[in-house]
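Enquirer: Requesting a structural model of the entry that follows:
(4 chains)
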Amino acid sequence: MTVRVISQHFDPGEQINAFVKDHHGAGAAVTFTGLVRSSPSDPITTLTLECYPELAVNQLDAIRSEALTRFNLLAATIIHRYGTMKPGNPIVQVMTLAPHRGDAFDGAQFLMDYLKTDAPFWKKETGPAGTKWIESKSSDDRARARWE
Amino acid sequence: MTVRVISQHFDPGEQINAFVKDHHGAGAAVTFTGLVRSSPSDPITTLTLECYPELAVNQLDAIRSEALTRFNLLAATIIHRYGTMKPGNPIVQVMTLAPHRGDAFDGAQFLMDYLKTDAPFWKKETGPAGTKWIESKSSDDRARARWE
Amino acid sequence: MRVLYFAWLRERLDRSEQQVEPPEQVKTVADLINWMAENDEAFALAVEKRSLIRAAINAQIVSHDASLADAHTIALFPPMTGG
Amino acid sequence: MRVLYFAWLRERLDRSEQQVEPPEQVKTVADLINWMAENDEAFALAVEKRSLIRAAINAQIVSHDASLADAHTIALFPPMTGG
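Expert: Residues are numbered from 1 along each chain as shown, chains lettered A, B, ... in the order given. Below is the predicted model of the structure:
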(Lines give C-alpha, C1' and ligand atoms only; values in the text may rest on other atoms or scores of the structure.)
Protein backbone atom coordinates (compact mmCIF):
# COMPACT_ATOMS: atom_id res chain seq x y z
CA MET A 1 0.00 0.00 0.00
CA THR A 2 1.66 3.15 -1.15
CA VAL A 3 -0.96 5.67 -0.05
CA ARG A 4 -2.71 5.08 3.26
CA VAL A 5 -5.29 7.37 4.83
CA ILE A 6 -6.02 5.88 8.23
CA SER A 7 -7.69 6.67 11.53
CA GLN A 8 -5.49 4.38 13.64
CA HIS A 9 -2.10 5.10 15.18
CA PHE A 10 0.88 3.97 13.12
CA ASP A 11 4.44 3.14 14.18
CA PRO A 12 7.04 5.27 12.31
CA GLY A 13 9.83 2.74 12.80
CA GLU A 14 7.83 -0.27 11.63
CA GLN A 15 6.81 1.68 8.55
CA ILE A 16 10.35 2.65 7.61
CA ASN A 17 11.62 -0.89 8.08
CA ALA A 18 8.88 -2.31 5.88
CA PHE A 19 9.60 0.40 3.30
CA VAL A 20 13.34 -0.12 2.89
CA LYS A 21 13.13 -3.92 2.89
CA ASP A 22 13.85 -5.61 -0.44
CA HIS A 23 14.93 -2.55 -2.38
CA HIS A 24 18.57 -3.42 -2.93
CA GLY A 25 18.86 -1.19 -5.97
CA ALA A 26 18.40 1.87 -3.82
CA GLY A 27 21.03 3.61 -1.76
CA ALA A 28 19.04 6.44 -0.20
CA ALA A 29 15.85 6.50 1.84
CA VAL A 30 14.40 9.74 3.19
CA THR A 31 11.61 9.72 5.74
CA PHE A 32 9.63 12.69 6.94
CA THR A 33 7.58 12.17 10.08
CA GLY A 34 5.15 14.88 11.13
CA LEU A 35 4.30 14.77 14.83
CA VAL A 36 1.68 16.50 16.94
CA ARG A 37 3.55 19.49 18.38
CA SER A 38 3.08 20.98 21.80
CA SER A 39 5.42 23.55 23.29
CA PRO A 40 5.38 25.61 26.52
CA SER A 41 4.59 28.75 24.50
CA ASP A 42 1.80 27.02 22.57
CA PRO A 43 0.62 24.02 24.59
CA ILE A 44 -2.09 21.76 23.23
CA THR A 45 -3.80 18.72 24.71
CA THR A 46 -5.21 17.20 21.53
CA LEU A 47 -5.08 17.70 17.79
CA THR A 48 -7.99 16.50 15.67
CA LEU A 49 -7.70 16.08 11.94
CA GLU A 50 -10.85 16.04 9.89
CA CYS A 51 -10.57 14.36 6.52
CA TYR A 52 -12.43 13.76 3.28
CA PRO A 53 -11.00 10.26 2.72
CA GLU A 54 -12.13 9.68 -0.86
CA LEU A 55 -10.66 12.98 -2.06
CA ALA A 56 -7.54 12.47 0.11
CA VAL A 57 -6.73 9.17 -1.56
CA ASN A 58 -7.23 10.73 -5.01
CA GLN A 59 -5.01 13.71 -4.18
CA LEU A 60 -2.27 11.67 -2.51
CA ASP A 61 -2.19 9.14 -5.38
CA ALA A 62 -1.77 11.99 -7.87
CA ILE A 63 0.96 13.73 -5.82
CA ARG A 64 2.79 10.45 -5.38
CA SER A 65 2.72 9.59 -9.11
CA GLU A 66 4.05 13.04 -9.92
CA ALA A 67 6.91 12.63 -7.39
CA LEU A 68 7.87 9.18 -8.69
CA THR A 69 8.28 10.50 -12.23
CA ARG A 70 9.77 13.86 -11.42
CA PHE A 71 12.49 12.60 -9.06
CA ASN A 72 13.08 9.12 -10.52
CA LEU A 73 12.08 7.49 -7.26
CA LEU A 74 12.15 3.72 -6.92
CA ALA A 75 9.42 3.86 -4.30
CA ALA A 76 7.33 6.38 -2.38
CA THR A 77 4.84 5.87 0.41
CA ILE A 78 2.51 8.36 2.08
CA ILE A 79 0.73 7.57 5.35
CA HIS A 80 -1.67 10.19 6.72
CA ARG A 81 -3.74 9.86 9.85
CA TYR A 82 -6.98 11.54 10.77
CA GLY A 83 -8.99 11.60 13.99
CA THR A 84 -7.87 12.78 17.42
CA MET A 85 -4.20 12.62 18.45
CA LYS A 86 -1.98 13.63 21.36
CA PRO A 87 1.33 15.53 21.48
CA GLY A 88 4.13 13.36 20.10
CA ASN A 89 1.82 11.15 18.03
CA PRO A 90 2.71 10.76 14.36
CA ILE A 91 0.29 12.48 11.97
CA VAL A 92 1.96 11.90 8.64
CA GLN A 93 4.89 9.97 7.24
CA VAL A 94 6.33 10.30 3.77
CA MET A 95 9.08 7.93 2.59
CA THR A 96 11.09 8.05 -0.63
CA LEU A 97 13.69 5.69 -2.02
CA ALA A 98 16.16 6.55 -4.80
CA PRO A 99 19.59 5.55 -6.04
CA HIS A 100 20.95 8.96 -4.97
CA ARG A 101 20.27 11.06 -1.92
CA GLY A 102 19.44 14.33 -3.71
CA ASP A 103 16.42 12.80 -5.42
CA ALA A 104 15.22 11.10 -2.25
CA PHE A 105 15.43 14.41 -0.32
CA ASP A 106 13.78 16.46 -3.09
CA GLY A 107 11.02 13.87 -3.55
CA ALA A 108 10.16 13.88 0.16
CA GLN A 109 10.13 17.69 0.34
CA PHE A 110 7.99 17.94 -2.77
CA LEU A 111 5.48 15.46 -1.32
CA MET A 112 5.27 17.34 1.97
CA ASP A 113 4.94 20.76 0.32
CA TYR A 114 2.07 19.58 -1.89
CA LEU A 115 0.41 17.63 0.85
CA LYS A 116 0.26 20.69 3.15
CA THR A 117 -1.84 22.67 0.68
CA ASP A 118 -3.49 20.03 -1.51
CA ALA A 119 -4.56 17.18 0.75
CA PRO A 120 -8.07 17.49 2.26
CA PHE A 121 -7.26 17.42 5.95
CA TRP A 122 -8.20 20.14 8.43
CA LYS A 123 -6.50 20.55 11.81
CA LYS A 124 -8.27 21.61 14.97
CA GLU A 125 -6.33 21.98 18.18
CA THR A 126 -7.50 21.92 21.77
CA GLY A 127 -5.46 23.50 24.55
CA PRO A 128 -5.86 25.60 27.71
CA ALA A 129 -7.21 28.47 25.56
CA GLY A 130 -9.95 26.32 24.04
CA THR A 131 -10.47 24.74 20.65
CA LYS A 132 -9.63 26.34 17.33
CA TRP A 133 -9.22 25.48 13.66
CA ILE A 134 -5.67 26.00 12.42
CA GLU A 135 -5.50 28.49 9.57
CA SER A 136 -3.70 27.69 6.36
CA LYS A 137 -0.28 29.34 6.15
CA SER A 138 1.02 31.53 3.35
CA SER A 139 4.46 29.97 4.00
CA ASP A 140 2.97 26.64 2.91
CA ASP A 141 1.65 28.22 -0.29
CA ARG A 142 5.13 29.62 -0.97
CA ALA A 143 6.77 26.26 -0.27
CA ARG A 144 4.44 24.61 -2.77
CA ALA A 145 4.91 27.35 -5.37
CA ARG A 146 8.65 26.73 -5.72
CA TRP A 147 7.94 23.38 -7.44
CA GLU A 148 5.70 24.95 -10.13
CA MET B 1 24.13 9.01 22.30
CA THR B 2 23.94 11.53 19.53
CA VAL B 3 26.95 10.40 17.47
CA ARG B 4 27.54 6.67 17.13
CA VAL B 5 30.32 5.05 15.10
CA ILE B 6 29.66 1.32 15.30
CA SER B 7 30.67 -1.96 13.72
CA GLN B 8 27.39 -3.77 14.45
CA HIS B 9 24.18 -3.78 12.41
CA PHE B 10 21.56 -1.25 13.49
CA ASP B 11 17.81 -1.22 12.98
CA PRO B 12 16.61 1.96 11.20
CA GLY B 13 13.09 1.73 12.61
CA GLU B 14 14.16 1.21 16.21
CA GLN B 15 16.48 4.18 15.91
CA ILE B 16 13.83 6.52 14.55
CA ASN B 17 11.34 5.49 17.22
CA ALA B 18 13.87 6.11 19.99
CA PHE B 19 14.76 9.45 18.40
CA VAL B 20 11.27 10.94 18.15
CA LYS B 21 10.18 9.76 21.58
CA ASP B 22 9.74 12.49 24.18
CA HIS B 23 10.23 15.48 21.94
CA HIS B 24 6.74 16.93 22.06
CA GLY B 25 7.96 20.40 21.18
CA ALA B 26 8.92 19.24 17.73
CA GLY B 27 6.63 18.82 14.78
CA ALA B 28 9.05 17.59 12.12
CA ALA B 29 11.48 14.69 12.02
CA VAL B 30 13.60 13.94 8.96
CA THR B 31 15.53 10.69 8.66
CA PHE B 32 18.06 9.83 6.01
CA THR B 33 19.01 6.17 5.76
CA GLY B 34 21.91 5.20 3.52
CA LEU B 35 21.76 1.56 2.40
CA VAL B 36 24.24 -0.72 0.65
CA ARG B 37 23.22 -0.49 -2.99
CA SER B 38 23.36 -3.28 -5.53
CA SER B 39 21.75 -3.05 -8.96
CA PRO B 40 21.74 -5.35 -12.01
CA SER B 41 24.01 -2.90 -13.86
CA ASP B 42 26.41 -2.63 -10.91
CA PRO B 43 25.98 -5.71 -8.72
CA ILE B 44 27.98 -6.09 -5.54
CA THR B 45 28.16 -8.89 -3.00
CA THR B 46 29.65 -6.97 -0.07
CA LEU B 47 30.61 -3.44 0.87
CA THR B 48 33.34 -2.88 3.43
CA LEU B 49 33.80 0.43 5.19
CA GLU B 50 37.14 1.16 6.73
CA CYS B 51 37.10 3.77 9.47
CA TYR B 52 39.36 5.88 11.69
CA PRO B 53 36.98 5.83 14.67
CA GLU B 54 38.66 8.46 16.83
CA LEU B 55 38.72 11.02 14.00
CA ALA B 56 35.21 9.98 12.88
CA VAL B 57 33.73 10.79 16.28
CA ASN B 58 35.52 14.16 16.32
CA GLN B 59 34.33 15.04 12.83
CA LEU B 60 30.75 13.89 13.36
CA ASP B 61 30.51 15.74 16.70
CA ALA B 62 31.67 18.94 15.00
CA ILE B 63 29.30 18.55 12.02
CA ARG B 64 26.41 17.81 14.36
CA SER B 65 27.06 20.89 16.55
CA GLU B 66 27.22 23.07 13.47
CA ALA B 67 23.90 21.66 12.20
CA LEU B 68 22.14 22.15 15.55
CA THR B 69 23.05 25.85 15.63
CA ARG B 70 22.66 26.61 11.96
CA PHE B 71 19.20 25.06 11.56
CA ASN B 72 17.81 25.54 15.09
CA LEU B 73 17.39 21.82 15.53
CA LEU B 74 15.97 20.43 18.75
CA ALA B 75 17.89 17.20 18.26
CA ALA B 76 20.19 15.52 15.76
CA THR B 77 21.63 12.02 15.75
CA ILE B 78 24.21 10.46 13.43
CA ILE B 79 24.77 6.69 13.31
CA HIS B 80 27.53 5.42 11.01
CA ARG B 81 28.57 1.82 10.58
CA TYR B 82 31.87 0.39 9.50
CA GLY B 83 32.96 -3.16 8.69
CA THR B 84 31.53 -5.52 6.06
CA MET B 85 27.91 -5.21 4.95
CA LYS B 86 25.55 -6.77 2.39
CA PRO B 87 23.15 -5.19 -0.12
CA GLY B 88 20.20 -3.63 1.67
CA ASN B 89 22.04 -3.22 4.99
CA PRO B 90 21.94 0.25 6.53
CA ILE B 91 25.30 2.08 6.49
CA VAL B 92 24.38 5.44 7.89
CA GLN B 93 21.38 7.13 9.45
CA VAL B 94 21.00 10.83 10.14
CA MET B 95 17.97 12.12 12.06
CA THR B 96 16.93 15.71 12.71
CA LEU B 97 14.09 17.16 14.73
CA ALA B 98 12.80 20.73 14.46
CA PRO B 99 9.62 22.72 15.01
CA HIS B 100 9.30 23.23 11.24
CA ARG B 101 9.92 20.89 8.34
CA GLY B 102 12.20 23.16 6.31
CA ASP B 103 14.84 23.22 9.05
CA ALA B 104 14.60 19.48 9.64
CA PHE B 105 15.08 18.80 5.89
CA ASP B 106 17.94 21.29 5.51
CA GLY B 107 19.68 20.02 8.64
CA ALA B 108 19.58 16.42 7.43
CA GLN B 109 20.86 17.35 3.96
CA PHE B 110 23.63 19.46 5.43
CA LEU B 111 24.72 16.59 7.69
CA MET B 112 24.78 14.13 4.79
CA ASP B 113 26.64 16.49 2.46
CA TYR B 114 29.37 17.13 5.04
CA LEU B 115 29.57 13.55 6.12
CA LYS B 116 30.19 12.34 2.53
CA THR B 117 33.36 14.41 2.22
CA ASP B 118 34.48 15.03 5.80
CA ALA B 119 33.96 11.81 7.73
CA PRO B 120 36.89 9.38 7.71
CA PHE B 121 35.27 6.33 6.16
CA TRP B 122 36.46 4.58 3.03
CA LYS B 123 34.28 2.26 0.96
CA LYS B 124 35.51 -0.86 -0.80
CA GLU B 125 33.11 -2.96 -2.81
CA THR B 126 33.31 -6.59 -3.85
CA GLY B 127 31.35 -7.93 -6.81
CA PRO B 128 31.69 -10.25 -9.80
CA ALA B 129 34.39 -7.95 -11.22
CA GLY B 130 36.51 -8.16 -8.07
CA THR B 131 37.26 -5.77 -5.24
CA LYS B 132 37.82 -2.04 -5.59
CA TRP B 133 38.00 1.11 -3.51
CA ILE B 134 35.25 3.60 -4.35
CA GLU B 135 36.63 6.93 -5.52
CA SER B 136 35.45 10.18 -4.01
CA LYS B 137 32.95 12.00 -6.22
CA SER B 138 33.16 15.59 -7.41
CA SER B 139 29.34 15.72 -7.07
CA ASP B 140 29.84 15.21 -3.33
CA ASP B 141 32.32 18.10 -3.21
CA ARG B 142 29.80 20.30 -5.01
CA ALA B 143 26.99 19.24 -2.67
CA ARG B 144 29.14 20.20 0.31
CA ALA B 145 30.24 23.49 -1.26
CA ARG B 146 26.71 24.88 -1.43
CA TRP B 147 26.63 25.21 2.37
CA GLU B 148 29.84 27.30 2.53
CA MET C 1 -27.14 16.31 -5.88
CA ARG C 2 -25.31 15.71 -2.61
CA VAL C 3 -23.34 18.56 -1.00
CA LEU C 4 -20.69 17.74 1.65
CA TYR C 5 -19.17 20.20 4.14
CA PHE C 6 -15.94 19.96 6.09
CA ALA C 7 -14.12 21.64 8.99
CA TRP C 8 -15.40 25.06 10.13
CA LEU C 9 -17.81 25.24 7.21
CA ARG C 10 -19.48 22.04 8.46
CA GLU C 11 -19.55 23.44 12.01
CA ARG C 12 -21.01 26.82 11.02
CA LEU C 13 -23.72 25.17 8.94
CA ASP C 14 -24.27 22.56 11.64
CA ARG C 15 -24.54 19.78 9.07
CA SER C 16 -22.03 17.58 7.25
CA GLU C 17 -24.12 17.13 4.13
CA GLN C 18 -27.40 17.89 2.42
CA GLN C 19 -29.32 17.09 -0.75
CA VAL C 20 -30.00 19.91 -3.20
CA GLU C 21 -31.92 20.13 -6.46
CA PRO C 22 -30.65 23.29 -8.13
CA PRO C 23 -32.60 24.73 -11.08
CA GLU C 24 -31.23 24.37 -14.59
CA GLN C 25 -29.61 27.82 -14.74
CA VAL C 26 -27.16 26.73 -11.94
CA LYS C 27 -24.32 25.51 -14.12
CA THR C 28 -21.10 25.94 -12.11
CA VAL C 29 -19.83 25.63 -8.56
CA ALA C 30 -20.00 29.44 -8.24
CA ASP C 31 -23.63 29.37 -9.44
CA LEU C 32 -24.45 26.70 -6.87
CA ILE C 33 -22.87 28.67 -4.01
CA ASN C 34 -24.72 31.82 -5.06
CA TRP C 35 -28.04 30.00 -5.44
CA MET C 36 -27.70 28.33 -2.01
CA ALA C 37 -26.73 31.65 -0.42
CA GLU C 38 -29.86 33.30 -1.84
CA ASN C 39 -32.02 30.67 -0.18
CA ASP C 40 -30.21 30.27 3.15
CA GLU C 41 -28.97 33.19 5.26
CA ALA C 42 -26.73 31.04 7.48
CA PHE C 43 -25.13 29.57 4.36
CA ALA C 44 -24.68 33.05 2.88
CA LEU C 45 -22.80 34.18 5.98
CA ALA C 46 -20.62 31.06 6.13
CA VAL C 47 -19.48 31.41 2.51
CA GLU C 48 -19.26 35.21 2.56
CA LYS C 49 -15.53 35.17 1.84
CA ARG C 50 -15.66 33.16 -1.35
CA SER C 51 -11.84 33.00 -1.52
CA LEU C 52 -11.88 30.80 1.60
CA ILE C 53 -14.17 28.23 0.01
CA ARG C 54 -12.60 25.33 -1.88
CA ALA C 55 -14.61 22.82 -3.90
CA ALA C 56 -14.49 19.27 -5.21
CA ILE C 57 -16.79 17.53 -7.67
CA ASN C 58 -17.05 13.74 -7.40
CA ALA C 59 -13.92 13.69 -5.20
CA GLN C 60 -11.79 15.75 -7.60
CA ILE C 61 -10.64 19.26 -6.69
CA VAL C 62 -12.13 21.90 -9.01
CA SER C 63 -12.23 25.68 -9.30
CA HIS C 64 -15.39 27.71 -8.75
CA ASP C 65 -16.02 27.98 -12.49
CA ALA C 66 -16.15 24.19 -12.96
CA SER C 67 -19.28 22.79 -14.58
CA LEU C 68 -21.76 20.81 -12.53
CA ALA C 69 -22.59 18.53 -15.46
CA ASP C 70 -22.16 14.90 -14.28
CA ALA C 71 -21.74 16.08 -10.67
CA HIS C 72 -23.36 13.76 -8.15
CA THR C 73 -21.31 14.86 -5.12
CA ILE C 74 -20.08 18.41 -4.46
CA ALA C 75 -17.81 19.11 -1.49
CA LEU C 76 -17.25 22.59 -0.05
CA PHE C 77 -14.50 23.23 2.47
CA PRO C 78 -11.92 25.74 3.79
CA PRO C 79 -8.25 25.80 2.66
CA MET C 80 -6.61 22.50 3.53
CA THR C 81 -4.18 22.20 6.43
CA GLY C 82 -2.85 18.66 6.13
CA GLY C 83 0.61 17.25 6.69
CA MET D 1 55.74 9.83 16.38
CA ARG D 2 53.11 7.36 15.24
CA VAL D 3 51.92 7.40 11.61
CA LEU D 4 48.61 5.70 10.69
CA TYR D 5 47.49 4.71 7.19
CA PHE D 6 44.00 4.00 5.89
CA ALA D 7 42.25 2.51 2.85
CA TRP D 8 44.30 2.06 -0.33
CA LEU D 9 47.27 3.90 1.19
CA ARG D 10 47.38 1.29 3.95
CA GLU D 11 47.11 -1.51 1.38
CA ARG D 12 49.81 -0.13 -0.91
CA LEU D 13 52.20 0.34 1.99
CA ASP D 14 51.19 -3.03 3.41
CA ARG D 15 51.08 -1.63 6.94
CA SER D 16 48.48 0.17 9.02
CA GLU D 17 50.95 2.14 11.11
CA GLN D 18 54.61 2.78 11.86
CA GLN D 19 56.82 4.74 14.23
CA VAL D 20 58.98 7.53 12.79
CA GLU D 21 61.55 9.87 14.31
CA PRO D 22 61.87 12.72 11.81
CA PRO D 23 64.81 15.13 12.11
CA GLU D 24 64.26 18.62 13.46
CA GLN D 25 63.96 20.31 10.05
CA VAL D 26 60.75 18.31 9.38
CA LYS D 27 58.25 20.86 10.65
CA THR D 28 55.00 20.28 8.72
CA VAL D 29 52.90 17.43 7.34
CA ALA D 30 54.25 18.21 3.86
CA ASP D 31 57.84 18.04 5.24
CA LEU D 32 57.07 14.68 6.83
CA ILE D 33 55.65 13.22 3.62
CA ASN D 34 58.64 14.48 1.64
CA TRP D 35 61.14 13.16 4.19
CA MET D 36 59.47 9.73 4.29
CA ALA D 37 59.34 9.60 0.49
CA GLU D 38 63.08 10.29 0.30
CA ASN D 39 63.77 7.32 2.52
CA ASP D 40 61.22 4.82 1.16
CA GLU D 41 60.59 4.20 -2.53
CA ALA D 42 57.28 2.35 -1.99
CA PHE D 43 56.06 5.25 0.14
CA ALA D 44 57.20 7.75 -2.52
CA LEU D 45 55.13 5.94 -5.15
CA ALA D 46 52.04 5.63 -2.93
CA VAL D 47 51.96 9.36 -2.13
CA GLU D 48 53.06 10.49 -5.60
CA LYS D 49 49.80 12.39 -6.18
CA ARG D 50 49.99 14.62 -3.12
CA SER D 51 46.48 16.01 -3.82
CA LEU D 52 45.05 12.54 -3.04
CA ILE D 53 46.63 12.46 0.42
CA ARG D 54 44.66 13.84 3.35
CA ALA D 55 46.10 14.21 6.84
CA ALA D 56 45.08 14.37 10.48
CA ILE D 57 47.17 15.28 13.53
CA ASN D 58 46.05 13.86 16.87
CA ALA D 59 42.66 12.92 15.34
CA GLN D 60 41.98 16.39 13.91
CA ILE D 61 41.93 17.00 10.15
CA VAL D 62 44.72 19.35 9.03
CA SER D 63 46.16 20.70 5.79
CA HIS D 64 49.60 19.73 4.53
CA ASP D 65 51.14 22.93 5.86
CA ALA D 66 50.07 22.19 9.43
CA SER D 67 52.82 22.19 12.06
CA LEU D 68 53.94 18.92 13.62
CA ALA D 69 54.60 20.60 17.00
CA ASP D 70 52.70 18.62 19.68
CA ALA D 71 51.87 15.88 17.15
CA HIS D 72 51.98 12.40 18.62
CA THR D 73 49.78 10.69 15.99
CA ILE D 74 49.69 11.56 12.28
CA ALA D 75 47.19 9.89 9.99
CA LEU D 76 47.53 9.82 6.21
CA PHE D 77 44.63 8.67 4.01
CA PRO D 78 42.85 9.11 0.66
CA PRO D 79 39.80 11.37 0.18
CA MET D 80 36.99 10.18 2.41
CA THR D 81 33.98 8.33 0.99
CA GLY D 82 31.64 8.03 3.95
CA GLY D 83 27.87 8.26 4.17
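Enquirer: so what's C:Ala30 up against?
Expert: Contact partners of C:Ala30, counting by CB atoms under 8 Å, 6 or more residues apart in numbering or on different chains, are C:Arg50, C:His64, C:Asp65. Heads up, the C-betas are built off the backbone N, CA and C, glycines and all.
Enquirer: how near is C:Val62 to B:Asp106?
Expert: As judged by CB to CB, to the nearest Å, C:Val62 and B:Asp106 stand 35 Å apart.
Enquirer: ok, which residues in chain A are in contact with chain D?
Expert: Residues of chain A lying close to chain D (CB under 8 Å from any CB of the partner chain) are A:Arg101.
Enquirer: just for chain A, where's the confidence low?
Expert: Along chain A, the model assigns pLDDT under 70 to residues A:1.
Enquirer: Do a quick rundown of the strands in the chain.
Expert: Using chain A. Applying DSSP state E to chain A gives strands spanning A:3-6, A:28-35, A:46-51, A:75-81, A:83-85, A:90-98, A:121-127, A:130-133.
Enquirer: wrong chain, I was asking about chain C
Expert: C:2-5, C:17-19, C:54-57, C:60-62, C:73-77.
Enquirer: which one of the ones you listed lies closest to chain D?
Expert: strand C:60-62 (39.5 Å; CB to the nearest CB).
Enquirer: chain center to the closest one, what's the gap?
Expert: 12 Å (CA atoms, centre = their mean, to the nearest Å).
Enquirer: Adding distance to chain D and mean pLDDT, write the strands of chain C out as JSON lines.
Expert: JSON lines is the format used below for the strands of chain C (distance: least, CB to the nearest CB, whole Å; pLDDT from 0 to 100):
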{"stretch": "strand C:2-5", "distance to chain D": "48", "mean pLDDT": "98"}
{"stretch": "strand C:17-19", "distance to chain D": "52", "mean pLDDT": "98"}
{"stretch": "strand C:54-57", "distance to chain D": "42", "mean pLDDT": "98"}
{"stretch": "strand C:60-62", "distance to chain D": "39", "mean pLDDT": "97"}
{"stretch": "strand C:73-77", "distance to chain D": "43", "mean pLDDT": "98"}
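Enquirer: mind putting the ones you listed in JSON lines, mean neighbour count included?
Expert: Formatted as JSON lines, the strands of chain C follow (neighbours: other CB atoms under 10 Å in any protein chain shown):
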{"stretch": "strand C:2-5", "mean neighbour count": "19"}
{"stretch": "strand C:17-19", "mean neighbour count": "12"}
{"stretch": "strand C:54-57", "mean neighbour count": "21"}
{"stretch": "strand C:60-62", "mean neighbour count": "16"}
{"stretch": "strand C:73-77", "mean neighbour count": "21"}
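Enquirer: Of the ones you listed, which is nearest B:Ala18?
Expert: Distance to B:Ala18, taken as CB to CB, is lowest for strand C:73-77 among the strands of chain C, at 37.7 Å.
Enquirer: Check whether that closest one comes near chain A.
Expert: Yes - judged by CB under 8 Å from any CB, strand C:73-77 and chain A are in contact via C:Ala75, C:Phe77.
Enquirer: Quick check: the residue of chain A nearest chain D.
Expert: For chain A, CB to the nearest CB, closest residue to chain D: A:Arg101, 8.0 Å.
Enquirer: cool, chain C as well?
Expert: Closest point on chain C to chain D, by CB to the nearest CB, is C:Gly83, at 27.8 Å.
Enquirer: Check the gap between that residue and A:Ile63 for me.
Expert: 11 Å.
Enquirer: Pull up the overlap in contacts between the two.
Expert: Listed as contacting both C:Gly83 and A:Ile63 by CB under 8 Å, 6+ apart are A:Leu115, A:Ala119.
Enquirer: Looking at the two, which has the bigger crowd around it?
Expert: C:Gly83 (26 against 22; other CB atoms under 10 Å in any protein chain shown).
Enquirer: list the contacts for the more buried one?
Expert: C:Gly83 neighbours (CB under 8 Å, 6+ apart): A:Gly34, A:His80, A:Ile91, A:Val92, A:Met112, A:Leu115, A:Lys116, A:Ala119, A:Phe121, B:Arg101.
Enquirer: Just give the nearest non-adjacent residue to the residue of chain C most remote from its centre, would you?
Expert: The C-alpha centroid of chain C is most remote from C:Gly83, which lies 23.5 Å away (CA atoms, centre = their mean). Leaving aside its sequence neighbours, C:Gly83 sits nearest to A:Lys116 (CB to CB, 6 or more residues apart in numbering or on different chains; 4.1 Å).
Enquirer: isn't the one you found right next to A:Ala143, touching?
Expert: Yes - using CB atoms under 8 Å, A:Lys116 is in contact with A:Ala143, at 7.0 Å.
Enquirer: out of those two, which sits in the busier spot?
Expert: A:Lys116 (23 against 19).
Enquirer: mind listing what the more buried one touches?
Expert: A:Lys137, A:Asp140, A:Ala143, A:Arg144, C:Met80, C:Thr81, C:Gly82, C:Gly83.
Enquirer: One more pass at 10 Å, please.
Expert: Shown in contact with A:Lys116 (CB atoms under 10 Å, 6 or more residues apart in numbering or on different chains): A:34, A:92, A:136-137, A:139-141, A:143-144, B:101, C:80-83.
Enquirer: before we move on, the earlier item: most neighbours among the contacts of C:Ala30, which one is it?
Expert: C:His64 (16 neighbours).
Enquirer: Dihedrals phi and psi, it?
Expert: phi -70, psi -20 (degrees, to the nearest 10).
Enquirer: Name the nearest residue to it, ignoring sequence neighbours.
Expert: C:His64 sits nearest to C:Ala30 (CB to CB, 6+ apart), 4.2 Å away.
Enquirer: Quick check: pLDDT value at the one you found.
Expert: According to the per-residue confidence, C:Ala30 scores 98 in pLDDT.
Enquirer: Now do it against A:Phe110, distance only.
Expert: 31 Å.
Enquirer: Just give the number of residues close to C:Glu21.
Expert: Counted with other CB under 10 Å, the neighbours of C:Glu21 add up to 6.
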